[in-house]
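J.: what shape does this take:
(2 chains)
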Amino acid sequence: MSIFVDETTRVLVQGITGKEGSFWTKHMIEMGTQVIAGVTPGKEGETVEGVPVYHSVARAQRASGEHAADAAMLFVPPRFTKDAVYEALDASIQKIVTIADGIPLHEQIEIRAAARSQGAQVVGGNTSGVISPGKSMLGIFPYWIQRVYKPGRIGIMTRSGSLTNEVTAMIVEQGFGVSTLIGVGGDPVPGTRFAEFLAQFEEDADTDGVVIVGELGGTMEEEVAEAITEGRFTKPLVAFIGGRTAPKGKRMGHAGAIVTGSAGTVLAKAEALTKAGALVADRPSQVGTMLRTRIPETR
Amino acid sequence: MKRLEFQGKELFSSAGIPVPASRLVRVSEPDGTPTDGGTQALHARLLDAVAELTQEAKGPLASLVVKAQLDMGGRGKAGLIQLVRADNGTGQDLASAVVAAAGQILDKGYRIPALLIEEAVDLREELYLSISVDPCAACHVVLASREGGVDIETLAAERPDAIRRLDVDPFRGIQAYQTRGLAYDLGLDKTTARNFASLLTKLYALFTRVDAELVEINPVFVTSGEPELVAGDAKVIIDDNSLYRHTEFPIEREQYDSDAAFEAALEGIPYLQFDGTISLMCAGAGLTTTVFDLVNYEGGSVANYLEFGGPNYNKAQRAMELCLQNKSAVILIVTFGTIARADVMAEGVVNAIRTLKPDRPIVTCIRGTNEEGADRILREAGLEPMYNTEEAVRLAVKLAAGTEARV
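T.: As a prediction, the model looks like this:
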């Protein structure tokens, strides 16, 4: 098992004929992802890696009948992402991943609001996506790097792609592997937040513990602490949070990574998580060993 | 993109929000060059501003406010906002008082591109009003308080009951019943409530029109005159991701604290200026931020934060040029790339070294897709690649401190 995506997930790729879309569709299939249809307006009838292309999501879904897609992967530029998300939502697709970096803030809000109103989950933007190593991926992961993307029993959630490789390598070094890795993204308004995946990780029999890779700014890490305190998540959880020494008022790379006033400091996040019973690492190199103290035996 | 106070007030005016009468006096131009004519010309512009404001005022003008225009909180406490009066005792007139205050403000050592000379408003109360977004609830949020003029975060921490919150559905936009309801919940009387509701409606329209992250009026002056509500200050932050559809907000030198930061912004390279000794040239926001932490943990200090990953991964040369503009002692390169291939980054770094011949040691920790290729390229160029981030940071800190010879 895993969460969000596995080998049974039927995936539709929006923007499949583009440079990124076609390149990553090839890799998604290579890793085992069931890509059943692609969409690029004006290119119906073509194929990409053997996958049929349609003018619209609705047309692709009609053509696929009872085997219609249940997830959509978007390779669509940021300024067209809202439209593409609405198109997928209107075709009743409940799992949507967008990697676009640069979605306007007000559209990020609308995307999240629209998804929530119909009980769907949008992952991203500004992310590498979601990967259940060895099974399926919706995104752009270097799954061929074995010391990072090794199948296993640890769930990972992250706000940053590059840092995820750094931290996950440390987890794998301790003999663990990954059940599902979810990049919620570095935008101020991610479509779905850390705490909103915890229930799925809690239920997943093949996930023994969760690592979150957070950063300064926002309240996503605090929400995780709240979920643990309220008993909604009971498995071991280790957090690494970047930006402990970041000066107030400076935006550290990601638009969401900024401390204003007392809100969003790494110290406050670490305190909340520690109080809830989670372990908080100061350095990436500690994550694997900390996880090992809570999960002595399993992978 | 943060707008300065005068730019925010221009936006308020365009939205029909009353602001005090004012004149802007430039010290330097938007491109960062000093405005022509030196101190004498500056004085002349200040005198003109006072004369124009005096002419414009309906009654006698007893006082003015001189406000430094720069991106900084707590300007009042720092003495960068001064109320000046004509002093009948000493015979100093208002214009001379303004010139004197301007001199004091400019002597404080901040980089101040302009001064706003503003009519002092006779007020009886100060309110707080802002609109931003709530990422969790996915809505727009209006915050308002009767206790304006103070730091809102301090107020929120100490007396949260003094702040009222209104959530606005992003698809419906703000409704009349909501603006009215908030005004009455604040305990405003009928006339002020009506004016407040109108002000909020206009501010909301501005918020959505310019794709703002934040619009804030702190304080809103409540006057005994007409118009009753006047924006005492203006804080407007435009969402960077929306700038492509707002050509009215160009990237200008005066928004940045160094040439390197400005040039990086034009290139789309994330860059922050600090004053330490290690230049960071890393890939990815999260990793760069973590390397920043690790440098500080190890007792080092950062000269600049720079990301050359993602879409910029072939910009190694430009990135290194920017780092070399600093007085740093070491350049520390840490990457763990996904799409940004390690060998391409290594190639870029090696080419940059050949072209730029940097005068300071370079520590590399380049990993990810095709890192074997990267290793070969770096070794052939005489570099000794590292593969553990923390070890690379420790080496950079030692090199910067001069306790380890160059590798």
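J.: stretch B:318-325 vs chain A: in contact?
T.: No: applying CB under 8 Å from any CB of the partner chain, one finds stretch B:318-325 separated from chain A by no less than 14.0 Å. C-beta here means a position set from N, CA and C on the backbone, and glycine is covered the same way.
J.: B:Val230 sits in which helix or strand?
T.: strand B:229-231 (DSSP states H and E).
J.: direction included, what does that strand pair up with?
T.: Neighbouring strands of strand B:229-231 in its sheet, by DSSP bridges, are strand B:212-223 (antiparallel).
J.: hmm, who's touching the partner strand?
T.: A:105, A:188, B:8, B:12, B:17, B:20, B:121-133, B:148-149, B:152, B:192, B:196, B:199, B:203, B:206-207, B:228-239 (CB atoms under 8 Å, 6 or more residues apart in numbering or on different chains).
J.: swap the cut-off to 7 Å and go again
T.: A:105, B:121-132, B:148-149, B:152, B:192, B:203, B:206-207, B:228-239 (CB atoms under 7 Å, 6 or more residues apart in numbering or on different chains).
J.: distance of A:Gly186 relative to chain B?
T.: Plainly put, A:Gly186 is 6 Å away from chain B if you go by CB to the nearest CB, to the nearest Å.
J.: now for the nearest residue to that residue once chain neighbours are set aside, how many residues are close by?
T.: What sits nearest to A:Gly186 in space, not counting adjacent residues and going by CB to CB, 6 or more residues apart in numbering or on different chains, is A:His254, at 3.5 Å. Residues near A:His254, counting by other CB atoms under 10 Å in any protein chain shown, number 27.
J.: can you pull the buried residues of the strand holding B:Val230?
T.: By neighbour count on 16 or more other CB atoms under 10 Å in any protein chain shown, the buried set for strand B:229-231 is B:Leu229, B:Val230, B:Ala231.
J.: quick one: average confidence on that strand?
T.: Mean per-residue pLDDT for strand B:229-231: 98.
J.: tell me the helix or strand right after it.
T.: Where DSSP H and E defines the elements, the next helix or strand beyond strand B:229-231 is strand B:235-238.
J.: would that next one count as contacting chain A?
T.: No: Strand B:235-238 is not in contact with chain A by CB under 7 Å from any CB of the partner chain; minimum separation 9.4 Å.
J.: got a list of contacts for that strand?
T.: Contacts for strand B:235-238 (CB under 7 Å, 6+ apart): B:1-3, B:8, B:11, B:210-216, B:246, B:249.
J.: packing partners of the lowest-mean-pLDDT helix or strand in chain A?
T.: When each helix and strand of chain A is scored by mean pLDDT, DSSP states H and E, helix A:161-173 comes last, with a mean of 90. Counting contacts by 3 or more CB pairs under 7 Å, 6 or more residues apart in numbering or on different chains; DSSP states H and E, helix A:161-173 is packed against strand A:151-158, strand A:178-183, strand A:209-215, helix A:284-294, helix B:285-297, strand B:330-337.
J.: for stretch B:107-127, buried residues please.
T.: Buried-residue list, stretch B:107-127, by 16+ other CB under 10 Å: B:112-119, B:121, B:123, B:125-127.
J.: mind checking which of the residues you listed are in helices?
T.: The members of the buried residues of stretch B:107-127 all map outside helices under DSSP state H.
J.: of those, closest to B:Ile366?
T.: Closest approach between the buried residues of stretch B:107-127 and B:Ile366, by CB to CB: B:Pro113, at 39.5 Å.
J.: give me every residue that touches the closest one.
T.: Counting by CB under 7 Å, 6+ apart, the residues that B:Pro113 touches are B:Val27, B:Ser28, B:Gln69, B:Leu70, B:Glu254.
J.: for it, phi and psi?
T.: Backbone torsions for B:Pro113, taken as degrees, to the nearest 10, come to phi -80, psi -20.
J.: how many neighbouring residues does B:Cys139 have?
T.: B:Cys139 has 18 neighbours, counted by other CB under 10 Å.
J.: do the same with the one 10 residues further on
T.: By the other CB under 10 Å criterion, the neighbourhood of B:Gly149 contains 18 residues.
J.: now the residue nearest to A:Gly186, what's its secondary structure?
T.: Following DSSP: H, G, I helix; E, B strand; the rest coil, we place A:His254 in the coil state.
J.: tell me if I'm right that it and B:Leu287 touch.
T.: No: counting by CB atoms under 7 Å, A:His254 does not reach B:Leu287; the two are 11.3 Å apart.
J.: and the pLDDT for the residue of the stretch 301-407 of chain B found nearest chain A?
T.: Using CB to the nearest CB, the single residue of the stretch 301-407 of chain B nearest to chain A is B:Phe336, 4.0 Å away. As predicted, B:Phe336 sits at a pLDDT of 87.
J.: so what's it bridging to?
T.: Under the criterion used (DSSP bridges), B:Phe336 bridges to B:Arg367.
J.: for it, give me its contacts.
T.: A:Ser162, A:Asn165, A:Glu166, B:Leu287, B:Arg367, B:Gly368.
J.: using CSV, lay out those together with neighbour count and distance to A:Glu223.
T.: Converted to CSV, the contacts of B:Phe336 look like this (neighbours: other CB atoms under 10 Å in any protein chain shown; distance: CB to CB, whole Å):
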residue, neighbour count, distance to A:Glu223
A:Ser162, 30, 24
A:Asn165, 29, 25
A:Glu166, 28, 24
B:Leu287, 29, 24
B:Arg367, 28, 32
B:Gly368, 24, 31
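J.: need the residues you listed in CSV (columns: distance to A:Thr289).
T.: Output for the contacts of B:Phe336, formatted as CSV (distance: CB to CB, whole Å):
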residue, distance to A:Thr289
A:Ser162, 22
A:Asn165, 18
A:Glu166, 15
B:Leu287, 20
B:Arg367, 20
B:Gly368, 23
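J.: tell me which of these is nearest to B:Val397?
T.: Closest to B:Val397, out of all of the contacts of B:Phe336 and judged by CB to CB, is B:Leu287, at 17.4 Å.
J.: leaving out the residues flanking it, which one is nearest to that closest one?
T.: B:Leu287 sits nearest to A:Ser162 (CB to CB, 6+ apart), 3.8 Å away.
J.: would you list every one of the strands in chain A?
T.: Per DSSP state E, chain A carries strands over the ranges A:10-14, A:34-39, A:47-48, A:51-54, A:71-74, A:95-98, A:121-124, A:129-132, A:136-139, A:151-158, A:178-183, A:209-215, A:237-242, A:279-281.
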